[in-house]
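Q: Next one to model:
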Amino acid sequence: METLSNITLSYVVPAYGFESYITECIESILSQEVNFKFEVLVRDDHSGDSTDAILHERYSNDSRVSVFSSTENVGAFENIKFLIERARGKYIAYLDGDDYYTDNNKIQRQIDFLESNPEYILCSTGNLMLSSDGSLTPGDGSWVAPLYSEPQTHDLIRANMVGFGRVFRNIPNMVKPWMAKAEYFDWMLNFELSLRGKIYCDDKCTGIYRLSHHGMFSLKSEEEKRNENDMVKNLLIERAREEFGSKKITIIDCFIRNESIEEKLKLTIAKIKSRGEDVMLISNTPADQSVIEMCDFYLYDQRNQLFKEEYTNVEDVDFFSQGDGFVAHNVKPGLQRHGLSVLVNLFNSLHVAKSLGYTHFQRLECDDLFGPRSLNMMNEIEGKCLLENKKGLFYFNEAENDRNVSFHYFFCEIDYFLNKIHRINNEDDYIEYLLTNHGNRDFIIAERYIYENLKRNGCDEIIHKDGKSEMNSDFSDTIWNTETSGSNVSEKYRGCLTELYNKYAGDWTHLGVAIYSRNYTNTSRERKIRINLTEGEPYYTNQYLTCNGAWAFENVPPNIDSIDVYENDELLYSQTSQEIKSYLKWA
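A: As a prediction, the model looks like this:
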């Protein structure tokens, strides 16, 4: 298409079955008071009524109007594309053949605006809506004004926020094949234009948008309309990813210490890969070749860096795990020795991912068993961030003394994360951070480290949601923490945690006390437990735990005083009922 310098504006008027309206539409165009040369391009899409005949009869001798005939029905997209590709003006004014202008100075004002503001690519106006019964909406003297005067690209993913009577710059090849996949061509084109310049929506009422009960969209059910809107949003998200060079990778950090974890890792990778996602596995243990072949990238850090220095004020952390209908909340001092390698691995993997051209990442735990609804949720998060113009989504645990980021899942733009989070390469870096930002060596877990950095640098650019209620709601079919690292369990337990736990119902009704054991080793364990009562004789019980992940619990009397835990007749440790912090909670 070659733009002719002497034609300033091309009116594009697609029509279909508009025999009762087309004349009013064209006459409102020809009545515009302008100081430039223009052309009107109109075509009825072989609708079978008299629209085409009316156009030829009234305008075939008008040099300003070009009437095109169609020998077959090609659909709205192809009809509009046909007209736009033949537009010779510097600008294009789009008007459906059943709508019309009511302000004769409308077009001149819009052209003047675009001529004076080259950074703007499109301008639109407000309008009234005309029902088939002849009534005007709103009908109270007001009109439909645009929601935003200058909608941004991310606004146009949420909804078609551009108003009536669009005039835009005639840019070659703005009509893309992907636009044919949805009903709303105007929405698609508005979005595409927003990628090339600014949009201005004037709130003046300048025309009539006709509502028809015979329109394709109006005949659809509310569910069909929602589905169509969702489809359009998905198309726009994909187009935004393409335009902005968005490329996401899934990062999984896994310490592969037994067959159970390896199988869960394989299952997680397979689920993510089935969705077309790229996967980077990073581990401090060598992965089996069968695992490596499932991944796109594999990073192995044989150093396995753990926190080894002495720290003060090590707070309790809830290392929860799943039981049969309940969750065991293992509340322990959170030195979290493996947290150092978690942070180091995260930064290393992000720098590698960035060098490979990835722009965004999601991090997840391989021992969380994600269901199909949760996997769908992951696919929606990037679009949600685009819709809200945010850099990422994090789940924050912000209850008192429990402020940290959930490491079960988060999504973020790589550059944003690397710019906001102070990089940790080793334990010296971590200690330096504590001394610089806290003035002491009080230990903070890796999750809180991320939280503090994000909060310190402001969270306005990210979506932050509650790390418990909202995360459980968003990932409603996920089973969390099916494995717990032995590095979270004090050496006194020798890899098998046996303690007193409070029991609670879902409404926090106290159900008593139990002895709960969980095996974190790859060998069977047997625990002999002496139960000491405030009144009465002590007695013994045994718990057998056959493999990694095996658990057992036994109710104890309400007058429990303490327990002594033995292995192979050796006393390992004792615990009093006043020391109970952990608990079992049923749904």
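Q: Least confident secondary structure element in the protein?
A: When each helix and strand of the chain is scored by mean pLDDT, DSSP states H and E, strand 316-322 comes last, with a mean of 77.
Q: just checking, what packs against it?
A: Secondary-structure packing of strand 316-322 (3 or more Cβ pairs under 8 Å, 6 or more residues apart in numbering; DSSP states H and E): strand 326-333. For the C-beta atoms, the positions are set from N, CA and C on the backbone; glycine is no exception.
Q: angle of the helix or strand following the strand it packs on against strand 316-322?
A: Where DSSP states H and E defines the elements, the next helix or strand beyond strand 326-333 is helix 339-355. Angle of helix 339-355 versus strand 316-322, following axes from the mean of the first three to the mean of the last three Cα atoms, to 10 degrees, is 70 degrees.
Q: Please tell me how far helix 339-355 is from the chain's geometric centre.
A: 22 Å (Cα atoms, centre = their mean, to the nearest Å).
Q: pLDDT (mean, whole number) over that helix?
A: Helix 339-355 shows an average pLDDT of 95 in the prediction.
Q: send the alpha carbons of it over as PDB?
A: What follows is helix 339-355 as a C-alpha-only set of coordinates in PDB (Å, rounded to 0.1, in the frame of the first residue of the first chain):
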ATOM      1  CA  GLY A 339      19.100 -22.100  52.900                       C
ATOM      2  CA  LEU A 340      22.500 -20.900  51.800                       C
ATOM      3  CA  SER A 341      22.700 -23.200  48.800                       C
ATOM      4  CA  VAL A 342      19.000 -22.300  48.000                       C
ATOM      5  CA  LEU A 343      20.000 -18.600  47.600                       C
ATOM      6  CA  VAL A 344      23.200 -19.300  45.800                       C
ATOM      7  CA  ASN A 345      21.500 -21.700  43.400                       C
ATOM      8  CA  LEU A 346      18.700 -19.200  42.700                       C
ATOM      9  CA  PHE A 347      21.000 -16.400  41.700                       C
ATOM     10  CA  ASN A 348      23.300 -18.700  39.600                       C
ATOM     11  CA  SER A 349      20.300 -20.100  37.800                       C
ATOM     12  CA  LEU A 350      18.800 -16.700  37.000                       C
ATOM     13  CA  HIS A 351      22.100 -15.400  35.600                       C
ATOM     14  CA  VAL A 352      22.400 -18.400  33.400                       C
ATOM     15  CA  ALA A 353      18.700 -18.100  32.300                       C
ATOM     16  CA  LYS A 354      19.200 -14.400  31.500                       C
ATOM     17  CA  SER A 355      22.300 -15.300  29.400                       C
END
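Q: other SSEs contacting that helix?
A: Counting by 3+ Cβ pairs under 8 Å, 6+ apart, the packing neighbours recorded for helix 339-355 are strand 248-253, strand 278-283, strand 297-300, strand 360-364, helix 414-420, helix 427-437, helix 446-456.
Q: how about these, which one is nearest residue 548?
A: Of all the helices and strands packed on helix 339-355, strand 278-283 sits nearest to residue 548, with 17.6 Å by Cβ to Cβ.
Q: roughly how far is the closest one from the heart of the chain?
A: In terms of Cα atoms, centre = their mean, the centre of strand 278-283 is set 20 Å apart from its chain centre.
Q: With stretch 326-333 instead?
A: The answer for stretch 326-333 is 30 Å, by Cα atoms, centre = their mean.
Q: Alpha carbons of whatever helix or strand residue 517 lives in, as PDB, please.
A: In the assignment (DSSP H and E), residue 517 maps to strand 510-519. The C-alpha trace of strand 510-519 is given here as PDB (Å, rounded to 0.1, in the frame of the first residue of the first chain):
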ATOM      1  CA  HIS A 510      -8.000 -28.700  70.900                       C
ATOM      2  CA  LEU A 511      -8.200 -32.500  70.500                       C
ATOM      3  CA  GLY A 512      -5.500 -33.500  72.900                       C
ATOM      4  CA  VAL A 513      -1.900 -34.500  72.600                       C
ATOM      5  CA  ALA A 514      -0.100 -37.200  70.600                       C
ATOM      6  CA  ILE A 515       3.300 -38.600  70.000                       C
ATOM      7  CA  TYR A 516       4.200 -38.100  66.300                       C
ATOM      8  CA  SER A 517       7.200 -39.600  64.500                       C
ATOM      9  CA  ARG A 518       8.400 -39.000  61.000                       C
ATOM     10  CA  ASN A 519      11.400 -40.700  59.300                       C
END
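Q: May I see the buried residues of that strand?
A: 513, 514, 515, 516, 517, 518, 519 (16 or more other Cβ atoms under 10 Å).
Q: biggest separation within those residues, which pair?
A: Between any two of the buried residues of strand 510-519 (Cβ to Cβ), the greatest distance is 21.0 Å, for 513 and 519.
Q: hmm, back to that, mind putting the helices and strands packed on helix 339-355 into TSV with mean pLDDT and distance to residue 509?
A: Formatted as TSV, those follow (pLDDT from 0 to 100; distance: least, Cβ to Cβ, whole Å):
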stretch	mean pLDDT	distance to residue 509
strand 248-253	96	38
strand 278-283	96	42
strand 297-300	96	47
strand 360-364	96	33
helix 414-420	96	42
helix 427-437	96	40
helix 446-456	93	30
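Q: Using a markdown table, please lay out the ones you listed together with distance to residue 102.
A: Shown next, in a markdown table, are these (distance: least, Cβ to Cβ, whole Å):
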| stretch | distance to residue 102 |
| --- | --- |
| strand 248-253 | 47 |
| strand 278-283 | 53 |
| strand 297-300 | 60 |
| strand 360-364 | 46 |
| helix 414-420 | 47 |
| helix 427-437 | 63 |
| helix 446-456 | 51 |
